[in-house]
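1. Model the following, please.
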Amino acid sequence: MDASNDPPSDIELLEKFLAHTSLPGEYKYTHNGSKSTRTPSFYDEHLPNVLRPQEMHFGIPSDTTFGLEAQLKEHLLSRKKLVQLLRTDPDGILRSLEIGWNYGLRRLSGHALATQEDIVVQAQHTVLGVVCDIVTLALYDWTPEQIQRLGDWELLEAGCSPEKETKADILIGMRSKQNIKDRQPPECADIWDVVKDLDPSSMRYICSEECKNLFLGQPMAYLTLLLLLQLVQDSSTKVATLWPSGCPECEKYGVSHSAFFNRNTLVNIPVDADEDFQILHVNDDQLRDEILHILDIIDLDNGANILDDNHSATTRPSLAGSTHGGKWYELVHDDMKMLWNTNFKSQTRTVHLNDIMAWVLVKIMYTV
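-> The predicted structure is shown next:
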């Protein structure tokens with residue numbers, strides 16, 4: 001029998017289905033400033049010890065990270081009712097999901113993503129809505145009716161934090177028992193009965209996201225972050241100690257602290273997976289190579305338009321007349337000057353220290 005006449009395999013059908021979760025087209029990112037841009041508050045710089053980052057690294061995904069997509073597909077293919085719909089779907093149940101995903105994702109135009117930070121958050125909400133749908137399909141063998149009404153009951157959600165000063169942009173987790181029951185479509189089998197073994201105290205908030213429009217499509221912003229990483233990894237720099245060693249005003253945030261500690265000491269959170277989907281830390285040589293690589297890209301882009309030492313050809317944000325960038329800027333400046341002059345100044349034709357520090361002041365300091 002001619003192989004070309006064979007019906008598509010289940011994995012081929014799944015790949016076609018998942019193709020509707022891809023962002024269409026290419027986007028260019030520009031940054032026109034956030035309406036909420038401000039200098040860091042005391043609380044921005046204050047975290048309980050258990051939340052303070054211990055290390056900061058430039059990394060690459062491990063082999064197990066690349067296997068995460070394969071594991072997700074494996075789970076989807078184990079759901080017999082879903083696979084049956086992939087093979088034959090006379091009522092267009094999966095097609096209705098595809099149309100909904102396509103509609104939402106197509107609205108994420110480059111223009112929308114390029115404007116204020118709140119629109120970046122809205123765009124991420126849209127993307128996470130699709131991700132939550134796919135994860136839900138992978139978790140259990142739902143009935144066709146439950147799949148058809150997936151957008152109505154939604155097991156997982158990406159929502160906003162109810163907090164104020166400690167607010168996260170997006171919280172991802174499972175809906176409460178009452179919420180799931182209230183959203184139960186009458187024609188579907190009992191949804192809570194399927195998921196009741198999931199511990200709401202562990203699943204209510206699985207993770208949080210902080211969205212920043214850092215204009216990372218601009219090589220200068222990426223270069224600045226790489227240089228900051230280099231400083232952080234050098235224990236001899238002031239930047240290496242980003243967080244205060246003590247907190248004399250800790251009592252101001254007692255409610256926030258007690259809520260955090262209660263949440264984490266009273267709940268026994270299960271292990272997510274047998275494998276550790278970690279990010280592998282690159283060594284100093286790899287980080288240096290990446291910095292030199294970005295410098296080459298910037299030089300190639302701007303080589304035809306080299307200006308004098310005081311006005312680099314690279315695109316940089318305006319300093320808006322600022323002569324003092326605050327404590328964070330001052331903390332970074334001396335270490336960055338030493339790093340730049342010693343290791344990288346001679347490696348570029350168009351990039352200058354002021355270009356780097358402009359990004360520290362305008363784009364990075366305000367997004368701590």
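2. how about the strands in the stretch 51-200 of the chain?
-> 59-61, 156-159, 170-174 (DSSP state E, counting those that start in this stretch).
3. tell me the contacts of W192?
-> W192 makes contacts with K177, I180, K181, Q184, as judged by CB atoms under 8 Å, 6 or more residues apart in numbering. Glycine gets a C-beta too; all of them are placed from N, C-alpha and C.
4. I'd like to know which of those are part of helices.
-> The helices, defined by DSSP state H, take in K177, I180, K181 from those.
5. re the thing from before, looking at the strands of the stretch 51-200 of the chain, which one is packed in the most?
-> When the strands of the stretch 51-200 of the chain are scored by mean count of other CB atoms under 10 Å, the highest mean neighbour count falls to strand 170-174 (a mean of 19).
6. Relative to D133, which of the ones in helices among the contacts of W192 is nearest.
-> Distance to D133, by CB to CB, is smallest for I180 among the ones in helices among the contacts of W192, at 15.2 Å.
7. ok, the closest one touching E157?
-> No. Contact criterion CB atoms under 8 Å: I180 and E157 do not qualify, at 10.4 Å.
8. okay, E69: pLDDT?
-> With respect to pLDDT, E69 scores 82.
9. for the strands of the stretch 51-200 of the chain, which one sits closest to H125?
-> Closest among the strands of the stretch 51-200 of the chain, using CB to CB: strand 156-159, at 5.5 Å.
10. Counting by contacts, list what the closest one packs against.
-> If you count contacts as 3 or more CB pairs under 8 Å, 6 or more residues apart in numbering; DSSP states H and E, strand 156-159 packs onto helix 117-139, strand 170-174.
11. So which of the ones you listed is nearest T342?
-> Nearest of these (CB to CB): helix 117-139, 35.0 Å.
12. could you check the angle strand 170-174 makes with the closest one?
-> Helix 117-139 runs at 20 degrees relative to strand 170-174, counting by axes from the mean of the first three to the mean of the last three CA atoms, to 10 degrees.
13. Would you mind pulling the contact partners of helix 117-139?
-> Here helix 117-139 has contacts from 18, 21, 23, 34-36, 72, 75-76, 79, 82, 97, 101, 104-105, 107-108, 112-113, 142, 147, 150-151, 154-158, 169-170, 172, 195, 209, 211-213, using CB under 8 Å, 6+ apart.
14. Derive a ChimeraX selection command for the buried subset of those.
-> A single ChimeraX command selects the buried members of those (16 or more other CB atoms under 10 Å):
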select :18,21,34,75,76,79,82,97,101,105,108,113,142,147,150,154,155,156,157,158,169,170,172,195,211,212,213
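15. can you tell me which of the contacts of helix 117-139 are in helices?
-> Those of the contacts of helix 117-139 lying in helices (DSSP H): 18, 72, 75-76, 82, 97, 101, 104-105, 112-113, 147, 150-151, 195.
16. rewinding a little: dump the strands of the stretch 51-200 of the chain to JSON lines, plus distance to H293 and mean pLDDT.
-> Formatted as JSON lines, the strands of the stretch 51-200 of the chain follow (distance: least, CB to CB, whole Å; pLDDT from 0 to 100):
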{"stretch": "strand 59-61", "distance to H293": "14", "mean pLDDT": "69"}
{"stretch": "strand 156-159", "distance to H293": "34", "mean pLDDT": "88"}
{"stretch": "strand 170-174", "distance to H293": "32", "mean pLDDT": "87"}
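17. which intervals of the chain have sub-threshold pLDDT?
-> The model of the chain has pLDDT under 70 over residues 1-4, 24-57, 61-66, 109-117, 162-167, 200-201, 212-217, 241-279, 302-326, 362-368.
18. Now do the end-to-end distance for stretch 140-150.
-> 12 Å (CA to CA, to the nearest Å).
19. about what we covered before: just give me the closest of the contacts of W192 to L228.
-> When these are compared against L228 (criterion: CB to CB), the nearest one is I180, at 43.1 Å.
20. and that closest one, what does it touch?
-> When contacts are taken as CB under 8 Å, 6+ apart, I180 is in contact with W153, L155, I191, W192, V195.
21. likewise W101?
-> Counting by CB under 8 Å, 6+ apart, W101 has contacts H20, T21, V130, D133.
22. okay, now the third one: neighbour count?
-> Residues within reach of V130, counting by other CB atoms under 10 Å, total 19.
23. measure V232 to H293 for me?
-> Per CB to CB, to the nearest Å, V232 is found 20 Å from H293.
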